[in-house]
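Visitor: sequence? don't have it. structure:
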């Protein structure tokens, strides 16, 4: 199974982010938008592994108290096929501490991380986007509202490819301790 550990915003916020993504897509000649069901913040990408039980134990050990996260303005990572657009998530001490505890616990459980990039918290809106000539992405980005959401659980997710595209399926949830 292809697994990752994530925080998932509430449904209402994910649906709003999907709407913002549709506004971005209208300014592009091509690209794939992330459906609201797949919007998440990756804490650790585990890749192909059969160590689900170990990952779940690590999540239990790493979960701390719930905390609030602030969504900031959009940004992008440039790639060969096109840009990946995202909404930034402001780093805060509880998020950084959760990530640190999780990485340590996964290592102690013998779960190899497939994370080679530095941790940049974000919520992906679209992939392989190519803006239309003259599209005013600056105005679109400035119109995107910031938001706050409360992280109350950590999820182990499976990334599955099927005829409908990529789907992220929650396998288990670990409530953050009050």
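Guide: Ah, there it is. As the structure is a computational prediction, the values presented were derived from the model and not from experiment.

Visitor: Tell me who's in contact with the spatially most central residue of the chain.
Guide: Central residue check for the chain by C-alpha atoms, centre = their mean: the C-alpha nearest the mean position is that of residue 41, 2.5 Å away. Residue 41 is in contact with 6-9, 69, 89, 121-123, counting by C-beta atoms under 8 Å, 6 or more residues apart in numbering. Bear in mind the C-beta positions are built from the backbone N, C-alpha and C, glycine included.

Visitor: Residue 10 and residue 17, how far apart?
Guide: To residue 17, residue 10 is 11 Å away according to C-beta to C-beta, to the nearest Å.

Visitor: Looking at the two, which has the bigger crowd around it?
Guide: Neighbour tally, residue 10 and residue 17, criterion other C-beta atoms under 10 Å: the higher count belongs to residue 17, 22 against 11.

Visitor: quick one, helices of this structure?
Guide: Ranges of helices within the chain are 11-25, 52-62, 93-108, 137-143, based on DSSP state H.

Visitor: hey, which of those is tucked in deepest?
Guide: helix 52-62 (a mean of 19; mean count of other C-beta atoms under 10 Å).

Visitor: So for it, mean pLDDT?
Guide: On average, the pLDDT along helix 52-62 is 96.

Visitor: Summarise which helices and strands it is packed against.
Guide: strand 2-7, helix 93-108, strand 153-162, strand 165-175 (3 or more C-beta pairs under 8 Å, 6 or more residues apart in numbering; DSSP states H and E).

Visitor: Those: which one's closest to residue 133?
Guide: Residue 133 sits nearest to strand 165-175 of all the helices and strands packed on helix 52-62, at 27.7 Å, using C-beta to C-beta.

Visitor: What strands line up against that closest one, and which way round?
Guide: Counting by DSSP bridges, the strands paired with strand 165-175 are strand 153-162 (antiparallel).

Visitor: How about the strand it pairs with, which residues are buried there?
Guide: Going by neighbour count (16 or more other C-beta atoms under 10 Å), the buried part of strand 153-162 is 154-157, 159.

Visitor: biggest separation within these, which pair?
Guide: Spatially, the most separated pair among the buried residues of strand 153-162 is 154 and 159, at 16.4 Å (C-beta to C-beta).
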